[in-house]
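> Next comes the sequence, and after it the predicted model I'd like to discuss.
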Amino acid sequence: MPHNKDQNEAGSILLLLVADDIFQKMLIKVLKSERYNLALAKNTKQALKKAEAGKIDIILIDEEFIVANHPYDDDFILKLKNAGSSAPVMLMVTPEMKEDLLIPRLLSSGNIEECIFKPFLPQSLISITANVITKNKKKLARVNDALPAGTPTAERRKFIRSNVPMEVFFSYIDKFHLPPSVIEQKIKSKDISAGGIQLDVGLEMNIPTHLDIKLLIPSEKSILVTGQVKWDRENPAKKTKTVGMQFINMKHWDCQLVSDYIMLH
């Protein structure tokens with residue numbers, strides 16, 4: 001049977017399926033019939049490794065995997081999302097598990113895009129998956145638009161980026177001046193994600209490879225993080241340069257706070 005337009009689009013989607021062997025075997029044929037590219041994981045180590053390496057577009061997780069491996073770790077879904085390009089997560093759940101304390105906590109966390117109740121018909125899974133992909137298509141596309149030409153694909157797809165303005169305070173020690181002096185500046189971000197930020201600074205500024213950054217999110221606490229400079233590009237006409245920095249050592253809940261702010265704006 002010929003594939004329709006939606007199925008052709010599915011052929012470019014990489015879906016991470018996190019479940020045990022038996023459940024994987026049940027779903028592989030269905031998902032492959034719709035031309036999804038599949039990454040398979042049956043334990044935590046595999047799931048995180050494949051999320052980090054595979055440029056994941058969407059994640060499908062069986063509740064039994066969560067219950068068996070992460071009954072008290074509400075942050076596992078967030079860790080998986082952050083490792084997998086901030087991909088939307090779909091959770092397969094039996095109706096009776098809605099009353100379990102773990103599943104309601106996960107559903108209320110905001111990290112689950114869609115819930116699919118078992119048992120389900122194959123076409124129901126395909127339909128719901130297609131709807132989630134359609135809803136998130138703009139988010140998936142925005143990742144590639146925000147970074148300059150030449151940026152590695154892995155960096156482009158790791159986090160959802162946005163040009164939403166955010167006040168940023170940064171400081172560093174300028175060792176090129178004698179005596180060395182502490183430079184402090186408060187500006188608005190040019191582009192930001194939960195993984196990094198772009199800032200326009202003066203050409204004369206000697207930005208080091210690492211600097212202290214404070215993100216000032218309205219109505220929320222400030223987030224302190226270290227920024228590692230990954231690239232810079234001069235804009236002589238404006239007498240500025242754009243600096244791209246990656247956040248390092250950011251806490252998971254701070255990462256989620258930044259992601260939520262971006263999505264709401």
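Okay, I see it. Numbering: from 1, shown residues only.
> Please count neighbours and contacts with C-alpha atoms only from this point.
Will do.
> Going along the chain, name the strands of the stretch 151-265 of the chain.
Counting by DSSP state E, counting those that start in this stretch, one finds strands in the stretch 151-265 of the chain at the ranges 161-162, 167-174, 181-188, 191-193, 196-202, 210-216, 223-235, 240-248.
> which of the ones you listed is buried the deepest?
Most buried of those, by mean neighbour count (mean count of other CA atoms under 10 Å): strand 161-162, with a mean of 24.
> pLDDT score for the residue lying closest to Asn206 once chain neighbours are set aside?
Nearest residue to Asn206 in three dimensions, chain neighbours excluded: Asp174, at 6.5 Å (CA to CA, 6 or more residues apart in numbering). According to the prediction, Asp174 has pLDDT 74.
> One more: the one 10 residues further on?
If you check Glu184, the pLDDT there is 79.
> quick one: it and Asp212, what's the gap?
Distance of Glu184 to Asp212, computed by CA to CA, to the nearest Å: 10 Å.
> Ok, Lys79 next?
In terms of CA to CA, Lys79 sits 24 Å off from Asp212.
> now Ile128
From Ile128 to Asp212 the distance is 43 Å (CA to CA).
> got the residue ranges for the helices in the stretch 1-150 of the chain?
5-10, 21-33, 44-53, 63-69, 76-83, 102-108, 122-145 (DSSP state H, counting those that start in this stretch).
> Return the most buried member of those helices.
Highest mean neighbour count among these (mean count of other CA under 10 Å): helix 76-83, a mean of 21.
> Which strands or helices does it pack on?
In terms of contacts (3 or more CA pairs under 8 Å, 6 or more residues apart in numbering; DSSP states H and E), helix 76-83 is packed against helix 44-53, helix 252-264.
> Quick check: chain neighbours aside, which residue is closest to Ile116?
Excluding the flanking residues, the one nearest Ile116 by CA to CA, 6+ apart is Met92, at 4.7 Å.
> So what pairs up with the one you found in the strands?
On the basis of DSSP bridges, Met92 is bridged to Asp62, Ile116.
> is it true that it touches Asp62?
Yes - using CA atoms under 8 Å, Met92 is in contact with Asp62, at 4.8 Å.
> if I look at Glu63, how far off is Lys55?
For Glu63, the distance to Lys55 - CA to CA - is 23 Å.
> Same question for Ser86.
For Ser86 relative to Lys55 (CA to CA), the value is 10 Å.
> Give me the more crowded residue out of the two.
Ser86 (27 against 23; other CA atoms under 10 Å).
> which residues sit against stretch 40-48?
16-21, 24, 50, 65, 69, 79-80, 83-84 (CA atoms under 8 Å, 6 or more residues apart in numbering).
> So which of those is the closest to Asn136?
Gly84 (14.2 Å; CA to CA).
> quick one: low-confidence parts of the stretch 51-200 of the chain?
54, 71-74, 84-85, 97-104, 107-110, 137-163, 176-178, 180-181 (pLDDT under 70).
> How about Glu167: what's its closest non-neighbour residue?
Lys188 (4.4 Å).
> Actually, Gln246.
Gly196 (4.1 Å).
> ok, now which ones touch Ile22?
With CA under 8 Å, 6+ apart, Ile22 has no contacts at all.
> Please report the distance of Lys175 from Ile207.
Taken as CA to CA, the span from Lys175 to Ile207 is 10 Å.
> Who has more neighbours out of these two?
More crowded of Lys175 and Ile207, by other CA under 10 Å: Ile207, with 19 against 13.
> was I right about Glu114 contacting Leu106?
No - using CA under 8 Å, Glu114 is not in contact with Leu106; the gap is 11.3 Å.
> residues in contact with stretch 120-127?
By CA under 8 Å, 6+ apart, the residues outside stretch 120-127 that reach it are Val30, Leu31, Glu34, Ile116.
> Leaving out the residues flanking it, which one is nearest to the second one?
In other words, Leu31. Residue nearest to Leu31 in three dimensions, not counting chain neighbours: Ile126, with 7.4 Å by CA to CA, 6+ apart.
> Same question for the first one.
Nearest in space to Val30, with sequence neighbours left out and distances taken as CA to CA, 6+ apart, is Pro122 at 6.5 Å.
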